[in-house]
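Peer 1: Provided below are the primary sequence and the corresponding predicted coordinates.
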Amino acid sequence: MFGSRPPRVLLAKPGLDGHDRAIYVLAQALRDAGMEVLYAGLFTPPEEIVEIAIAEDVDVIGLSLLNGQHMTSFPKVIRILRERGRDDIAVVGGGTIPPRDRRALEEMGITGNFGPGTPLDEIVEHIRARALEARRRKISSI
Amino acid sequence: MPGIVAGYWGRKLGELEGGEEGKGRRGEPPDYVRWREEILEPWERATGVRSRGARTPSGVELREVYVPGDAGDPGMPGEYPYVRGVYPNMYRGRPWTMRMFSGYGTPEQTNRRLRYLVSHGETGLSLAFDMPTLYGYDPDHELAEGVVGVDGVSVSTLRDMEVIFRGIDVSRVSTSMTINAPAQVLLAMYVALADSRGVPRAALSGTTQTDMLKEFIAQKEFVYPPEVHMRLIRDMMEFCTREMPKWNWISVSGYHIREAGATALQEAAFTLADGFQYVEMGIEAGMDVDEFAPRISFFFDSGINLLEEVAKFRAARRVWATAMREKYGARDERSLRLRFHAQTSGYTLTWQQPLVNIVRTALEALAAVLGGTQSLHTNAYDEAYAVPTAAAAKLALRTQQVIMDETGVADAVDPLGGSYYVEWLTDRMEEGIYRYLDEIERIGGVLEGIRKGYFQREIARSAYERELRLRRGEEVMVGVNRYREPEGRGSIRFLRVDPSRTREAQVRRLEEVRRNRDGRRVREALSRYRDALERDENVMPHLIEAVKAHATLQEIMDVGRELYGRWREPEILRIL
């Protein structure tokens, strides 16, 4: 399905938020599920996240914030990706994201937006599906 | 250096493992062996076994039952090594402080919330600051967009502090401030506030969290490299020891270590390691341990595995008292007593079926009380969503009042003392703590462990292992991996802070302060602060002058950022 290269995912926390438990748990789960995982670290500005994503040729950017800043930081990532013409990189989100914000983010193209208590398998499968979709888009644009 | 000996932890561990008498019990007592062979095994052969080889969440292997031969003598309350409590009569003498962590939005909103809680019986204040404040940025900084006032109150100048404490007598109330990287600045603001009201500094009681080691280990709200923060903490320690004898200049915190994923055992071990690191800092600064150690306080998580939590608190007290006396040569009883604040676990609260969180919090609060806490915060049931509503916060406070006034658990000191199981588990926790302390010493100490990513890695591994146990159903979270209900059922109302409105209000006040202050006085104060930093002179008097001149939090924190740069943590992922 993914040819010779497994799905490649960049995880990042684009805000003033040191709560990184979830992102490390997810990183380990994605790795155990056979994906390639990169982590951009804490406080990485959206511009830099997109930079890394393009340079590292990832399929999916996974964003996580538990500080309430998701409605500011997540959309910025999408906007910069669009400006760079890279709709072949999927963006998924997670953290403390109330249902109302979840819908708004979804409309912008940020899917998942998983809250606490989401089963790990559900997140891993979602990221795999979005990676596959991104890979197809990449191939069709060549 | 007086009293600091290498290899102490390994030796302690050897004593516990090798000792026949005292706390050296590890094997199976004859009573138990007989009972298992004659009674239990035939029974199980006939009726089946539900579970085998159970472990606590920290990984301590458990038997079915504990017998008199398992329980060591814990001593008496208020007596070395304080396993049964730091005071002889505990809650019969004085209830624990009911201290609800609060703060959101503007200083005005927070002032209203504080007064609301005090009017409903809260007995101590506890301030929560927003993310920009915690990272030392003013509300008009670019990084602050979307998060001003969301997770706590926004503070950037003395003016904000004055509004928060409007109508509150700081000479009578004890105030806890959950502030770390900029702790020295917030302490300066509190002192400046007291000075302006004519309250003597010596009358101020309360706590600044100040614990940067746990920030590097777990919460990641750091600004400068570790050595710089340690030096600022040393200045706070010296200043408070001299001028603020009732101020806990540090609250060595396990809470964030635990919430980041550590087990109860790791929480206790890493926190105590940090505590001893601060003690060594004080001794290295040339002070006598008994001069500063009495004002070191602790902050622990109270999780859902009730008896393991109780054992953790009891074991932590024993390890602290023992090492303070034997390793660091403390003689003053106040240096030996581990006093702590506890908060119920946020991580155990679930988004699903939020009212169940009330039950979890009650049981976790009970664990803290049975474990002998001095002060307690109970989480509100809506905190998996946002900062609590006033009603939810009040209910959380009522939970403590029910435990204090209705359940009777506060009537006798350490009511679980002598329980075969609790004493045995306390011994196991103690042994596990020594094992970690020994390992930390072997890798070169706490700071070296931080630089190598040792703690971060250990915690991330434990967090993932717990998720895997949840996935396999070996651990249960009601409503999450068992007894699930369709999403949306039982949904609740929760508090929404409008970050852009809060930001607007805060920026307006900030601009007003900037307009009305004496610019030259600010520049001079900041430059004197900078000189003190570079000359390694105590910075506290200069910080107090700077905040009195209405220098902003970010202006002050930027001085250090310019001199020392920002800290970037080691890449944990590559070594996970």
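Peer 2: Looks like it arrived, so ask away. Numbering: from 1, shown residues only, chains lettered A, B, ... in the order given.
Peer 1: confidence score at B:Val5?
Peer 2: Predicted confidence (pLDDT) for B:Val5: 64.
Peer 1: same thing with B:Gly18?
Peer 2: 73.
Peer 1: wait, isn't B:Ile556 in contact with B:Ala546?
Peer 2: Yes: in this structure, B:Ile556 is within contact of B:Ala546 by C-beta atoms under 8 Å, at 5.8 Å. C-beta coordinates here come from the backbone N, C-alpha and C atoms, glycine included.
Peer 1: Quick check on the residue sitting nearest the centre point of chain A: phi, psi?
Peer 2: Central residue of chain A (C-alpha atoms, centre = their mean): A:Gly62, 1.7 Å from the mean position. In terms of degrees, to the nearest 10, the main-chain angles of A:Gly62 are phi -110, psi 120.
Peer 1: Report the contact partners of it.
Peer 2: The contact partners of A:Gly62, by C-beta atoms under 8 Å, 6 or more residues apart in numbering or on different chains, come to A:Val9, A:Leu10, A:Leu11, A:Ala12, A:Ile23, A:Leu26, A:Val92, A:Gly93, A:Gly94, A:Ile127.
Peer 1: Name the nearest of those residues relative to B:Arg92.
Peer 2: Nearest to B:Arg92 out of these is A:Ile23 (C-beta to C-beta; 46.0 Å).
Peer 1: Burial check on that closest one, number of neighbours?
Peer 2: 26 (other C-beta atoms under 10 Å in any protein chain shown).
Peer 1: That one - nearest residue in space that isn't next to it in sequence?
Peer 2: Distance criterion C-beta to C-beta, 6 or more residues apart in numbering or on different chains; nearest residue to A:Ile23, sequence neighbours excluded, is A:Ser64 at 4.8 Å.
Peer 1: is it true that the one you found lies in a helix?
Peer 2: No: membership of A:Ser64 in a helix is not supported by DSSP: H, G, I helix; E, B strand; the rest coil, which gives strand.
Peer 1: residues near it, how many?
Peer 2: With other C-beta under 10 Å as criterion, A:Ser64 counts 26.
Peer 1: beta partners of it?
Peer 2: Here A:Ser64 sits in beta bridges with A:Gly94, going by DSSP bridges.
Peer 1: where does it land on pLDDT?
Peer 2: Note on A:Ser64: pLDDT of 97.
Peer 1: need the contact list for it.
Peer 2: By C-beta under 8 Å, 6+ apart, the contact set of A:Ser64 is A:Leu11, A:Ala12, A:Lys13, A:Asp20, A:Ala22, A:Ile23, A:Leu26, A:Gly93, A:Gly94, A:Gly95.
Peer 1: neighbours around B:Gly565, how many?
Peer 2: Look at B:Gly565: counted by other C-beta under 10 Å, it has 12 neighbours.
Peer 1: can you pull out the strands in the chain?
Peer 2: Assuming you mean chain A. Ranges of strands in chain A, per DSSP state E, are A:8-13, A:36-42, A:60-65, A:90-95, A:110-114.
Peer 1: Chain B, not that one
Peer 2: Along chain B, the stretches classed as strands by DSSP E are B:97-102, B:124-128, B:174-178, B:205-208, B:247-248, B:250-253, B:296-302, B:340-344, B:375-377.
Peer 1: Now tabulate these in a markdown table and tack on mean pLDDT, mean neighbour count and distance to chain A.
Peer 2: Converted to a markdown table, these look like this (pLDDT from 0 to 100; neighbours: other C-beta atoms under 10 Å in any protein chain shown; distance: least, C-beta to the nearest C-beta, whole Å):
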| stretch | mean pLDDT | mean neighbour count | distance to chain A |
| --- | --- | --- | --- |
| strand B:97-102 | 92 | 23 | 16 |
| strand B:124-128 | 93 | 24 | 12 |
| strand B:174-178 | 95 | 23 | 13 |
| strand B:205-208 | 96 | 22 | 18 |
| strand B:247-248 | 96 | 24 | 23 |
| strand B:250-253 | 98 | 28 | 13 |
| strand B:296-302 | 97 | 27 | 13 |
| strand B:340-344 | 97 | 28 | 15 |
| strand B:375-377 | 96 | 26 | 18 |
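Peer 1: Now do the helices in the stretch 101-250 of chain B.
Peer 2: Applying DSSP state H, counting those that start in this stretch to the stretch 101-250 of chain B gives helices spanning B:107-119, B:131-134, B:158-164, B:183-197, B:212-214, B:226-243.
Peer 1: what's the longest helix in the chain?
Peer 2: Using chain A. Using DSSP state H, we find that the single longest helix of chain A is helix A:120-141.
Peer 1: look at chain B instead
Peer 2: Using DSSP H, we find that the single longest helix of chain B is helix B:420-442.
Peer 1: need the residues of the stretch 301-450 of chain B near chain A, please.
Peer 2: Contact residues, the stretch 301-450 of chain B versus chain A (C-beta under 8 Å from any C-beta of the partner chain): B:Tyr347, B:Thr350, B:Trp351, B:Gln352, B:Ala384, B:Tyr385, B:Ala386.
Peer 1: CA atoms only: put stretch B:511-530 into CSV for me.
Peer 2: What follows is stretch B:511-530 as a C-alpha-only set of coordinates in CSV (Å, rounded to 0.1, in the frame of the first residue of the first chain):
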residue,chain,number,x,y,z
GLU,B,511,0.2,50.0,27.6
GLU,B,512,-1.2,52.2,30.2
VAL,B,513,1.4,51.1,32.7
ARG,B,514,4.1,51.7,30.1
ARG,B,515,2.8,55.2,29.4
ASN,B,516,2.6,56.3,33.0
ARG,B,517,5.9,54.9,34.3
ASP,B,518,9.2,56.6,34.6
GLY,B,519,11.1,55.1,31.6
ARG,B,520,14.5,56.1,33.0
ARG,B,521,13.8,54.5,36.3
VAL,B,522,12.9,51.2,34.5
ARG,B,523,16.0,51.2,32.4
GLU,B,524,18.3,51.9,35.4
ALA,B,525,16.6,49.2,37.5
LEU,B,526,16.9,46.7,34.6
SER,B,527,20.6,47.5,34.1
ARG,B,528,21.3,47.1,37.8
TYR,B,529,19.6,43.7,37.7
ARG,B,530,21.7,42.8,34.7
